[in-house]
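Trainee: Sequence and predicted model, in that order:
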Amino acid sequence: MVSRVLFSGQLTFPAKPPREAPIAPLTPSRNVLSFSLRSSVDRFAMRIVKAASFTRTVAKVDEEAISRKKLAVFVSGGGSNFKKIHEGCLGGSVQGDLVLLVTNKKDCGGADYARSNGIPVLLFPKPKRESSDGLSPTELVDVLREYGVDFVLLAGYLKLIPAELVKAFPKRILNIHPALLPAFGGKGLYGMRVHKAVLASGARYSGPTIHFVDEEYDTGRILAQSAVRVVANDTPEELAKRVLDEEHKLYVEVVAAICEERIKWREDGVPLIQSKDNPDDYY
Ligand SMILES: Nc1nc2c(c(=O)[nH]1)N[C@@H](CN(C=O)c1ccc(C(=O)N[C@@H](CCC(=O)O)C(=O)O)cc1)CN2
Ligand SMILES: NCC(=O)N[C@@H]1O[C@H](COP(=O)([O-])[O-])[C@@H](O)[C@H]1O
């Protein structure tokens, strides 16, 4: 209604500027509509346009103020989540750059992918056997800082993150777990073991959980979850595939929000994601 009344007159600029049009700062000449105000509705409508234009300008300025984030990913296996996040960074859906890959298995699929894509690979923790390879917890923290890492993303990493690293990167380490925490989590529950436990329990739903990492396994603040149906005759492999497909979508969406600084912490300590489409909405 407003747009029809508003843009029925002669305008000095397109009735609806194309999305890619640069939003100029508010200047009287640019935002003055060149038609006579025929009624109070037009005057009201003009105020709407000016307010919207100002909001867009502010929003545009805010977007320009947000820097790209430097990301380190930790894996122990194939690294399919790592690859999806990397594709998101390259494709533009994630405003971040993968600057380091950390693994406890230097020949795993995720490490091979990193080396093929020019991403430095670090070994952590040191192998149990006597070896010069691998970093100590202190060395790991130092290297992450030297690379200017903003966020650490665990994606199928199967070792305990040491307290030194948790303390050095507060509210900046995320993990994805293949079940709906707090159920089916903790020491000993990883990979196919998780899906077997879910099936044995008779649970009708499963799905990925993304949470902040604290000093214990899977007890950090939950940031995002997505539910998938458990089918009556599911094998662990079939359930794993259904959950993994959902992991890929959820992790890229969450990392995009992290990089755009859309994580807000509620007063009771629960982290929320601010909607990209409607900043007044959180989930
Ligand atoms: N400080 C933290 N470190 C890690 C967390 C965390 O929440 N806090 N999450 C894990 C990932 N994870 C579940 O999401 C998980 C991984 C591994 C285990 C586990 O029991 N591991 C075995 C060793 C397995 C192996 O070496 O192959 C063990 O510790 O005995 C539980 C949960 C990553 N780190
Ligand atoms: N508790 C940790 C855990 O079980 N993590 C799980 O390991 C898999 C890694 O797959 P990927 O290497 O293909 O990303 C993912 O399903 C992830 O949720």
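Mentor: Everything's here; your move. Ligands and ions are numbered 1, 2, ... in the order given.

Trainee: hey, let's count contacts and neighbours off CA atoms from now on
Mentor: Will do.

Trainee: I66 against A257, yeah?
Mentor: No - using CA atoms under 8 Å, I66 makes no contact with A257, being 11.6 Å away.

Trainee: separation between the one residue sitting closest to the centre of the chain and P120?
Mentor: With distances taken as CA atoms, centre = their mean, V255 lies nearest the centre of the chain, 1.4 Å away. Applying CA to CA, to the nearest Å, the value for V255 to P120 is 20 Å.

Trainee: re the thing from before, now the residue nearest to the centre of the chain: phi and psi?
Mentor: phi -70, psi -40 (degrees, to the nearest 10).

Trainee: need the contact list for it.
Mentor: 85, 94 (CA atoms under 8 Å, 6 or more residues apart in numbering).

Trainee: Then Y113?
Mentor: Contacts of Y113 by CA under 8 Å, 6+ apart are K83.

Trainee: Find the nearest non-adjacent residue to G269, please.
Mentor: In this structure, G269 finds its nearest non-sequential neighbour in R221, 7.9 Å apart by CA to CA, 6 or more residues apart in numbering.

Trainee: where does that neighbour land on pLDDT?
Mentor: Note on R221: pLDDT of 98.

Trainee: How many residues are close by G110?
Mentor: Neighbour count of G110, defined by other CA atoms under 10 Å: 28.

Trainee: For it, grab phi and psi.
Mentor: Dihedral angles (degrees, to the nearest 10) for G110: phi -70, psi -40.

Trainee: That one reaches N81, doesn't it?
Mentor: No - applying CA under 8 Å as the test, G110 and N81 come out as separate, 9.2 Å apart.

Trainee: S136 and A257, how far apart?
Mentor: 31 Å.

Trainee: of the two, who's got more company?
Mentor: A257 (19 against 14).

Trainee: what secondary structure does the more buried one sit in?
Mentor: Per DSSP: H, G, I helix; E, B strand; the rest coil, the secondary structure class of A257 is helix.

Trainee: just to revisit the earlier point, which ones are touching the residue nearest to G269?
Mentor: 211-213, 269-271.

Trainee: With adjacent residues omitted, what lies nearest to P271?
Mentor: In space, P271 is closest to W265, 4.4 Å off (CA to CA, 6+ apart).

Trainee: The one you found: neighbour count?
Mentor: 11.

Trainee: now swap in the one 5 residues further on and tell me
Mentor: In terms of burial, V270 registers 11 neighbours under the definition other CA under 10 Å.

Trainee: go on, D150?
Mentor: For D150, using other CA under 10 Å, the count is 18.

Trainee: dump the residue contacts of it.
Mentor: D150 neighbours (CA under 8 Å, 6+ apart): 69-71, 172.

Trainee: do that again at 10 Å, thanks
Mentor: Contacts for D150 were tallied using CA atoms under 10 Å, 6 or more residues apart in numbering; they are 68-72, 96, 144, 169, 172-173, 258-259.
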